[in-house]
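Asker: heads up, no residue letters with this:
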Ligand code: B12
């Protein structure tokens, strides 16, 4: 978990913030606090929208804040459904079509499920991190890839 | 016989009541789960855990999931017709096997109506504990909703209703025991003030067995001092990040059964070996119930040391917190609202807008869960707040993983064991 995969290169301090958010039905927050700390340590400012975020609220926040990217986290087992509904609505908003957005956590109720991952990726997430211990490291890599200008597609 | 009466009678007969956290979207599977719970070789009661769309009152999402055949993380009790729920309970639910509905909703009216319509009378909740950990419903709305929920429950005929407070869990981890004990007692008082006479108070196992024993004792002592009506104590097997190995999970589960017996609790709600990964199967639930029962029957009610007999430090802190709330005003709902608005109750790491967020829990070198910051809570002079270090992602994860690592590692050190031999590894 603590493996440092790249040198610690921090983005410019004026970089746009990152949004961390739960899905509409998910009340878990330890994951959100953890992800916030992780992303702050990459040098970003984080707007943490908290648990059970209604879709329209998340979409409005994205349009208003224009974040560098969005990190969605769900562990309650409804992440597959909630993520799908959200990304379809969000990608339908013209100005958010290219907004980098990733999702991760425990997305189904039966353990890691490649079908859910594929479905979410196909629907428009830039990366999908299923429940495994190197998720945070991969997320860091994703952020740094964005930071250096390249959009990296993981999975 | 109502839920509480049965639990107390079984406990008086020398058996700890064990109960699963179980909820499936499909009525057939739910019925199979309840049947297996009933047949398990343990002194069990049944559970229907409600899914998280129903908790959020989002019935459209359930309609969509049921239509598309997507599995839910619980039983959608407000979407299936009462007839369906009655049918799934038919012939398996009776005086000897009551079923409790567990949900986690700050807007519970629809759920309460559905469960009473299905003939059930026992559930769980609380204006604080079903609000702060469960989303963004304002605390004032939750208090209003829970007053109404108590009324709905009290008005249903069937049986004398039972209501359990989830206050002993809150966010599951890193909240020092005294605050958990205080909230649970205060919620039980709120229930009784709102017409529910038979209640239970809860305590979730934390980081240190000695401190946990102290906490359960403190809880019982405070209930004796403050509750009227009938009540009992329920222990929850650890509610935070769970061990990842089977041995570690069973070790932690076993320790919670010992805690329940030694602490004089009447009921235990178990966790399974699948906890860290996914929703457990029926078989995994049954195995957990039977393991807990085996450990409980073996655990003697050894005479605990002095500080654990009177509730010690946990009691002293909890008493002060409870009094601070009771001093606000006579109505407990209003008193709780004021206490949270002033930060006199303040749950560590809780993101809810109505929680002050100025406190911090930390695990000491002795494994006890203490305070790194007490904010505006009236605990000055009672506790040592060792200045906490800055919060980092890795430090935070290490705190969250403390219990998981302790049990996974101790299981490794002793090697994989049979369930029999594994019980009682941790004291
Ligand atoms: C604490 C807890 C709670 C607390 C939450 C309090 C709060 N406000 O946060 C309480 C008790 C209230 C609770 C309630 C519920 N819970 Co809960 N809960 C847990 C528990 C025990 C620990 C979670 C935790 O703190 N983890 C620590 C954080 C830091 O780690 P994490 O969340 O696992 O996330 C890690 C990775 O997944 C990853 N990650 C997460 N998100 C993302 C996103 C990205 C982009 C990336 C890269 C990585 C990533 O990073 C983290 C670090 O590695 C877990 C089981 C477990 N893990 O042991 C169950 C668990 C998550 N809960 C579960 C469920 C179902 C519920 C309920 C629906 C009740 C129920 N039916 O049982 C309700 C939720 C209601 C709702 N509306 O959502 C299930 C989910 C099942 C599934 N997905 O298959 C679990 C797994 C338990 C189980 N086995 O049944 N819960």
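Answerer: That came through fine. Source: prediction; values computed, not measured.
Asker: Help me confirm that residue B:408 comes into contact with residue B:243.
Answerer: Yes - look at residue B:408 against residue B:243 with Cβ atoms under 8 Å: they come within range, at 4.7 Å. Every C-beta, even on glycine, is put in place using the N, C-alpha and C of the backbone.
Asker: any idea how far residue B:4 lies from chain A?
Answerer: Distance of residue B:4 to chain A, given as Cβ to the nearest Cβ, to the nearest Å: 28 Å.
Asker: Next up, the contacts around that residue.
Answerer: Under the criterion of Cβ atoms under 8 Å, 6 or more residues apart in numbering or on different chains, the contact list for residue B:4 reads B:162, B:198-200, B:230-232.
Asker: Narrow those to those in strands?
Answerer: Taking DSSP state E, the ones among the contacts of residue B:4 that sit in strands are B:162, B:198-200, B:230-232.
Asker: hang on, the earlier thing: please identify which of residue B:408 and residue B:243 sits among more neighbours.
Answerer: Looking at residue B:408 and residue B:243 with other Cβ atoms under 10 Å in any protein chain shown, you find the greater number of neighbours at residue B:243, namely 27 against 22.
Asker: Quick check: pLDDT value at that one.
Answerer: For residue B:243, the pLDDT comes out at 97.
Asker: Check residue A:4 too.
Answerer: As predicted, residue A:4 sits at a pLDDT of 30.
Asker: residue boundaries of the strands in chain A?
Answerer: Taking DSSP E as the test, the strands found in chain A are A:18-21, A:46-48, A:69-74, A:101-105, A:127-129.
Asker: so can I have a markdown table of those strands showing mean pLDDT?
Answerer: Formatted as a markdown table, the entries for the strands of chain A read as follows, by pLDDT from 0 to 100:
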| stretch | mean pLDDT |
| --- | --- |
| strand A:18-21 | 98 |
| strand A:46-48 | 98 |
| strand A:69-74 | 98 |
| strand A:101-105 | 97 |
| strand A:127-129 | 95 |
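Asker: Compare the ones you listed and give me the one nearest chain B.
Answerer: For chain B, the closest of those is strand A:46-48, at 7.1 Å, according to Cβ to the nearest Cβ.
Asker: Packing partners of that closest one?
Answerer: The criterion is 3 or more Cβ pairs under 8 Å, 6 or more residues apart in numbering or on different chains; DSSP states H and E, and the helices and strands that strand A:46-48 contacts are strand A:18-21, helix A:30-40.
Asker: which parts of chain A sit against the ligand?
Answerer: Proximity of chain A to the ligand is assessed by Cβ under 6 Å from any ligand atom, with A:25-31, A:34-35, A:71, A:73, A:75-77, A:102, A:104-106, A:109, A:129, A:131, A:135-136, A:139 identified as the residues in range.
Asker: name the element residue B:8 belongs to?
Answerer: Assigned by DSSP states H and E, residue B:8 belongs to helix B:3-12.
Asker: How far does the helix or strand following that helix sit from its chain's centre?
Answerer: Of the helices and strands lying after helix B:3-12 in sequence (DSSP H and E), the nearest is strand B:17-19. Going by Cα atoms, centre = their mean, to the nearest Å, the spacing between the C-alpha centre of strand B:17-19 and its chain's C-alpha centre is 13 Å.
Asker: Briefly note if strand B:17-19 comes near the ligand.
Answerer: No - with Cβ under 6 Å from any ligand atom as the criterion, the ligand is not reached by strand B:17-19; the gap is at least 13.3 Å.
Asker: Give me the helices and strands touching that strand, please.
Answerer: Under the contact criterion of 3+ Cβ pairs under 8 Å, 6+ apart, strand B:17-19 touches helix B:3-12, strand B:267-269, helix B:282-298.
Asker: which residues sit against that strand?
Answerer: Applying Cβ under 8 Å, 6+ apart, the contact partners of strand B:17-19 are B:6-7, B:10-11, B:37, B:42-47, B:100, B:257, B:266-270, B:289, B:292-293, B:296.
Asker: Give me the distance between the closest residue to residue B:331 other than its chain neighbours and residue B:127.
Answerer: Of all residues beyond its chain neighbours, the one nearest residue B:331 is residue B:193 (7.4 Å), with distances taken as Cβ to Cβ, 6 or more residues apart in numbering or on different chains. As defined by Cβ to Cβ, to the nearest Å, residue B:193 lies at a distance of 11 Å from residue B:127.
Asker: okay, the two: which has more neighbours?
Answerer: residue B:127 (30 against 16).
Asker: wait, that one sits on residue B:188?
Answerer: No - under the criterion of Cβ under 8 Å, residue B:127 is not in contact with residue B:188, lying 11.6 Å apart.
Asker: what about the helix or strand containing residue B:339, average pLDDT?
Answerer: Element membership of residue B:339 [criterion: DSSP H and E] is helix B:332-341. Mean per-residue pLDDT for helix B:332-341: 98.
Asker: which helices and strands does that helix pack with?
Answerer: In terms of contact count using 3+ Cβ pairs under 8 Å, 6+ apart, helix B:332-341 is assigned the packing partners helix B:139-155, helix B:177-193, helix B:312-326.
Asker: Which pLDDT value goes with the nearest residue to residue B:145 once chain neighbours are set aside?
Answerer: Closest residue in space to residue B:145, ignoring its immediate chain neighbours: residue B:107 at 5.4 Å, by Cβ to Cβ, 6+ apart. According to the prediction, residue B:107 has pLDDT 97.
Asker: who's in contact with residue B:107?
Answerer: Residues in contact with residue B:107 (Cβ under 8 Å, 6+ apart) are B:56-57, B:137, B:141-142, B:145.
Asker: Ok, residue A:110 next?
Answerer: Residues B:71, B:278-279 are the ones in contact with residue A:110 under the rule Cβ under 8 Å, 6+ apart.
Asker: pLDDT score assigned to it?
Answerer: Each residue has a pLDDT score; the one for residue A:110 is 92.
Asker: and residue 69, how many residues sit next to it?
Answerer: If you meant another chain, say so; for now it's chain A. The criterion is other Cβ under 10 Å. On that basis, residue A:69 has 22 neighbouring residues.
Asker: To clarify, I was referring to chain B.
Answerer: The burial metric for residue B:69, expressed as a neighbour count using other Cβ under 10 Å, is 8.
Asker: next one: phi and psi at it?
Answerer: Comment: the main-chain dihedrals of residue B:69 come out as phi 70, psi 30, following degrees, to the nearest 10.
Asker: how much space is there between it and the ligand?
Answerer: 17 Å (Cβ to the nearest ligand atom, to the nearest Å).
Asker: Next, format the contacts of residue B:4 as CSV and append neighbour count and pLDDT.
Answerer: Formatted as CSV, the entries for the contacts of residue B:4 read as follows, by neighbours: other Cβ atoms under 10 Å in any protein chain shown; pLDDT from 0 to 100:
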residue, neighbour count, pLDDT
B:162, 28, 98
B:198, 24, 98
B:199, 26, 98
B:200, 28, 98
B:230, 16, 98
B:231, 25, 98
B:232, 23, 98
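Asker: and the residues you listed as TSV, adding distance to residue B:373?
Answerer: Written out in TSV, the entries for the contacts of residue B:4 read as follows (distance: Cβ to Cβ, whole Å):
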residue	distance to residue B:373
B:162	37
B:198	37
B:199	32
B:200	31
B:230	38
B:231	32
B:232	34
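Asker: shouldn't residue A:63 be in contact with residue A:97?
Answerer: No - judged on Cβ under 8 Å, residue A:63 makes no contact with residue A:97 at a distance of 11.9 Å.
Asker: Neighbour count for the two, which is higher?
Answerer: For residue A:63 versus residue A:97, neighbours defined as other Cβ under 10 Å are more numerous around residue A:63 (13 against 10).
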